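A.B. asks: A predicted structure for the sequence below; I have some questions about it.
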Amino acid sequence: MSGGHVLIIEDEPIIALELEALLSDLGYRTFDIADSPGDAMRFAASNRPDLITADYRIHSGTGAEAVERIRAAFGRIPVVYVTGNPDAFDHGDTPVVDKPISLSALAAACGRATGGS
């Protein structure tokens with residue numbers, strides 16, 4: 001699935017902008033960028049995302065916390081975790097992209113999360 005609305009949960013502005021550019025290259029067209037679980041929940045409530053990318057650790061909580069809250073309120077939305085240390089947490093079957101982010105790794109993870117190729 002491409003072309004949908006993406007919620008980026010990332011507290012590093014440069015990485016958030018990089019993700020936005022890479023996702024745009026993959027065909028996603030609209031974005032909200034949240035740097036806290038509260039902002040993520042507010043953005044999800046105002047414009048339900050088709051995909052969430054979430055840094056696992058952010059300054060004011062965790063991306064996983066934000067994802068759990070959003071999914072509890074709005075159902076199962078596809079998620080891709082973006083992290084510099086993928087072995088530091090249990091991500092279950094959720095796709096993970098290592099930092100630094102490559103377009104091919106992000107494309108594969110988004111495809112896996114959304115059930116696409």
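C.D. replies: Okay, I see it. Being a predicted model, the structure only gives us computed values, none of them experimental.
A.B. asks: Helix or strand for Ala45, just tell me which one.
C.D. replies: Here Ala45 sits within helix 37-46, counting by DSSP states H and E.
A.B. asks: Report the distance from that helix to the chain centre.
C.D. replies: Centroid separation between helix 37-46 and its chain, computed with CA atoms, centre = their mean, to the nearest Å, is 13 Å.
A.B. asks: which secondary structure elements does that helix contact?
C.D. replies: If you count contacts as 3 or more CB pairs under 8 Å, 6 or more residues apart in numbering; DSSP states H and E, helix 37-46 packs onto strand 5-9, strand 30-34, strand 51-55, helix 63-74. Yep, even glycine has a C-beta here, placed from its N, CA and C like the rest.
A.B. asks: got those as a markdown table, with mean pLDDT, mean neighbour count and distance to Leu103 columns?
C.D. replies: A markdown table is the format used below for the helices and strands packed on helix 37-46 (pLDDT from 0 to 100; neighbours: other CB atoms under 10 Å; distance: least, CB to CB, whole Å):
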| stretch | mean pLDDT | mean neighbour count | distance to Leu103 |
| --- | --- | --- | --- |
| strand 5-9 | 96 | 26 | 15 |
| strand 30-34 | 93 | 19 | 16 |
| strand 51-55 | 96 | 26 | 13 |
| helix 63-74 | 94 | 18 | 21 |
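A.B. asks: Nearest to Val97 among those would be which one?
C.D. replies: Across the helices and strands packed on helix 37-46, Val97 has its closest neighbour in strand 51-55 (7.9 Å, CB to CB).
A.B. asks: who's in contact with the helix or strand that the closest one is followed by?
C.D. replies: Sequence-wise, the next helix or strand beyond strand 51-55 is strand 57-58, with elements assigned using DSSP H and E. Strand 57-58 is contacted from outside by Ile9, Glu10, Asp11, Asp35, Ser36, Pro37, Gly63, Ala66, Thr83, using CB atoms under 8 Å, 6 or more residues apart in numbering.
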